[in-house]
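J.: no sequence on hand, only this structure:
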Ligand SMILES: Nc1nc2c(ncn2[C@@H]2O[C@H](COP(=O)(O)OP(=O)(O)OP(=O)(O)O)[C@@H](O)[C@H]2O)c(=O)[nH]1
Ligand SMILES: [Mg+2]
């Protein structure tokens, strides 16, 4: 069995990840904006008699990194043992893409063959661009394969070539006379100095030495190679051409590529208005851009709530009415002890069940977020938001991690890797927890369902906006105190709008929903068991007098000013809520549910029950459709909407104002331990400390403020 | 003339990119370099970023960065 390592390299947003997914059947995250992949990811594939390890890398414009994620890609390409590089290029924009190719060709010292994949071939055809692949092949000395990553065109050919080993090492380009002579000399010196043990590809290192690249000259200097002796000559060239040496290299590369592209690519006269121009005129309008962004967010929540409500009711009924009943019945039948029944039904099922009943909500949210990510709107949001972010001393690019935070805070913290400066990266990451992630939505759904039935989407949008505003305020404070500094440069590619494929959307919804369900079955179920223990210890006491009950009643005093201190259950739910935000809902389900009489009624026929549930599902589909798109208001459901047990108890313990204050607290409170873990991995302990401090003090202040203002204005 | 002062809809030719060498290099690597044509697509309000088309793709630059890009007019309006 042969083992080969294949690295995918290319500019950002050219479809590297999409291609890996197509090649291997993996479901890595793709999205239509530059900077989706920020980590090195490996995917294994056995094809014929070869084990191929595909390495997906973040996109890079060149081998000179500017940000963390670019450095990850660069370092991997230079330092690792790679058998082949698949250089993915966007063939609608060959000229800029080949710039990297000329740099990758310098790695050929290691004998790394390159396969050039001309992706987006579908768009090339649609635009009528003619590309002479044979000419490109012969000039660059590599194989050239047209491909469409999203539908799998070209994938077989790529695999075939990779296993056949029939790959070519490209010819590095030759620079102009003076420059080439200097580079050659450095090359020879490097070779005679290091023999075969140069830590870098020799030609690449030689160019870097001539460029006077700090990192490389320093590293070579440590090994005893004096790189400074070429400075004088390089400066001479700089003086002659009147430009910085690195810029001269870049220029020469581009002029080589321009020559090739002029010969090999024929573009038709560009049509005046493309779809992208039309859409951008709307979405990036000078005045309307921001309102349109808000409107889009509002629509996302509106459709999410309206569309998922009937399904939530259905799942709720399925779990509490159907599964709970039959589980109880089975447990009775098996003669298990009472405490075990209580643990399973009151403890785990009540809590996990309530969390799971929100799966439809997540499905809808994930769907709409995936549409925003796949169409290319994300980069536009960054453009529109730049002004606002500027006030915090960040730039529009920081807004992308924040938007990702609406889905989940953990990838959002990783996404800050695309920012050039460490300080901005830290600042942006510290603001991420105020972006309301998907896991918090069930909390809002639960409370708005009880108190703001008619205006769920509006209230939730308000919460999200509050999160953004709080993050801006905190950002200003941090920028003025701990993380001082100037606003960094903002240069970002804006990809064309693309129509998302169903497969892409489905992948992204499926992966995330799976993760949600998986979490419910593991972390949350376990938390429920622990929570149950603490509400039942010492054994036989009432929940109020249990360990947890007593403790929470003590702590509750702290939350009195915020308005929800008189419900010990609400306070108790916050404690395990630091593990994962869904646990708050699960805990409320368990704590408010415990006193309920267990339904041990005589079960009806199982088959009948099942049939009822299936019928319920189809009714839910119909209602969901009507409530999303129809003007027909679903009357049926309003009638059925008798509050369930938990809802009644919540209604008794909270007022609309204190419920709002509680939601705000949950929004701003420590997101989850995984987020804290991400802080640790990216920045170290001190940042974890700062994050915990911020996400405990800020929520308390804000919810206290809201509650008291609310009381003053007579909302109580 | 600076890119930040350019008129929306017009096409210009870049004459020089100023600023620290790393910045110049990054722009160069992205194809924003002397001799290239740029078309100004739009400007965000209140001194927000400028969107331009260069080498057939779109890129947005903050005003401060756009200040650094010097232009000469290129032909007439298209
Ligand atoms: N029409 C079309 N769309 C494509 C093709 N390949 C990729 N896409 C889309 O292009 C976008 C970018 O794809 P990704 O795979 O995320 O790109 P990437 O190179 O991994 O990007 P980064 O990780 O940000 O560097 C996605 O929206 C894909 O669906 C293609 O061949 N044709
Ligand atoms: Mg990617």
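T.: Now that the structure is in, tell me what you want to look at. Owing to the predicted nature of the structure, the values given are computational and were not obtained by experimental measurement. Ligands and ions are numbered 1, 2, ... in the order given.
J.: now residue 39. Its backbone dihedrals?
T.: Since no chain was named, I'll use chain A. Residue A:39 adopts backbone torsions of phi -130, psi 160, taken as degrees, to the nearest 10.
J.: that answer is for a different chain, and I need it for chain B
T.: Torsion angles, degrees, to the nearest 10, at residue B:39: phi -110, psi 130.
J.: and residue A:268, that one's in a helix?
T.: No. Counting by DSSP: H, G, I helix; E, B strand; the rest coil, residue A:268 falls outside a helix, being coil.
J.: what count of nearby residues applies to the residue of chain B at minimum distance from ligand 1?
T.: Relative to ligand 1, the nearest point of chain B is residue B:57 (13.2 Å; Cβ to the nearest ligand atom). No exception for glycine: its C-beta is placed from N, CA and C like everyone else's. Using other Cβ atoms under 10 Å in any protein chain shown, residue B:57 has 21 neighbouring residues.
J.: next: residue A:565.
T.: The local packing of residue A:565 (other Cβ under 10 Å) involves 18 other residues.
J.: please name the bridge partners of the residue in chain B that ligand 2 sits nearest to.
T.: Residue nearest to ligand 2 within chain B: residue B:57 (17.4 Å; Cβ to the ion). Residues in a beta bridge with residue B:57, per DSSP bridges, are residue B:54.
J.: which ones are touching it?
T.: Taking Cβ atoms under 8 Å, 6 or more residues apart in numbering or on different chains as the criterion, residue B:57 is in contact with A:93, A:96, A:493-494.
J.: go with 10 Å
T.: By Cβ atoms under 10 Å, 6 or more residues apart in numbering or on different chains, the contact set of residue B:57 is A:11, A:13, A:90, A:92-93, A:95-97, A:493-496, B:30-31.
J.: what of residue A:123?
T.: If a contact means Cβ under 10 Å, 6+ apart, then residue A:123 has A:90-93, A:129, A:148, A:496, A:498 as its contacts.
J.: okay, now residue 2: neighbour count?
T.: No chain was given, so I picked chain A. 11.
J.: other chain: chain B
T.: 13.
J.: give me the pLDDT for it.
T.: Note on residue B:2: pLDDT of 89.
J.: which non-adjacent residue is nearest it?
T.: Excluding the flanking residues, the one nearest residue B:2 by Cβ to Cβ, 6 or more residues apart in numbering or on different chains is residue B:67, at 5.3 Å.
J.: just want the residue of the stretch 101-250 of chain A that's nearest ligand 1.
T.: Nearest residue of the stretch 101-250 of chain A to ligand 1, counting by Cβ to the nearest ligand atom: residue A:149, 3.4 Å away.
J.: and the gap between residue B:73 and residue B:18?
T.: Distance, residue B:73 to residue B:18, by Cβ to Cβ, to the nearest Å: 19 Å.
J.: what does residue A:257 give?
T.: Applying Cβ to Cβ, the value for residue A:257 to residue B:18 is 24 Å.
J.: dihedrals phi and psi, the closest residue to residue A:408 other than its chain neighbours?
T.: Distances taken as Cβ to Cβ, 6+ apart put residue A:437 closest to residue A:408, at 5.1 Å, once the chain neighbours are dropped. With angles defined as degrees, to the nearest 10, residue A:437 sits at phi -80, psi 170.
J.: contacting residues around residue A:437?
T.: Contact partners of residue A:437, counting by Cβ under 10 Å, 6+ apart, are A:404-412, A:467, A:581, A:667, A:671-672, A:675.
J.: and if you look at residue A:265?
T.: Taking Cβ under 10 Å, 6+ apart, we find residue A:265 in contact with A:91-92, A:94-95, A:124, A:129-132, A:135-136, B:56.
J.: dig out what it forms beta bridges with.
T.: Note on residue A:265: beta-bridge partners by DSSP bridges are residue A:131.
J.: residue A:421 touches residue A:427, doesn't it?
T.: Yes. The criterion here is Cβ atoms under 10 Å, and residue A:421 meets it with residue A:427 at 9.3 Å.
J.: biggest strand in chain A by residues?
T.: strand A:2-10 (DSSP state E).
J.: in its sheet, what does that one sit against?
T.: Strand pairing (DSSP bridges) places strand A:2-10 next to strand A:50-56 (parallel), strand A:84-90 (parallel).
J.: could those go into CSV alongside mean pLDDT?
T.: Output for the strands paired with strand A:2-10, formatted as CSV (pLDDT from 0 to 100):
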stretch, mean pLDDT
strand A:50-56, 94
strand A:84-90, 95
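J.: mind checking these for the one nearest to residue A:441?
T.: For residue A:441, the closest of the strands paired with strand A:2-10 is strand A:50-56, at 29.7 Å, according to Cβ to Cβ.
J.: state the pLDDT value of residue A:493.
T.: Confidence at residue A:493, expressed as pLDDT, is 88.
J.: quick one: secondary structure of it?
T.: Once three-state DSSP is applied, residue A:493 turns out strand.
J.: tally of neighbours for it?
T.: Applying other Cβ under 10 Å, we find 20 residues neighbouring residue A:493.
J.: now the one 4 residues further on
T.: For residue A:497, the number of neighbouring residues by other Cβ under 10 Å comes to 21.
J.: doesn't it lie inside a helix?
T.: No. Residue A:497: not assigned to a helix; according to three-state DSSP it is coil.
J.: residues contacting the nearest residue in space to it that is not next to it in sequence?
T.: In this structure, residue A:497 finds its nearest non-sequential neighbour in residue A:376, 4.6 Å apart by Cβ to Cβ, 6+ apart. Applying Cβ under 10 Å, 6+ apart to residue A:376 gives the contacts A:13, A:31-33, A:276, A:279-280, A:283, A:494-500.
J.: out of these, which comes closest to ligand 1?
T.: residue A:32 (3.5 Å).
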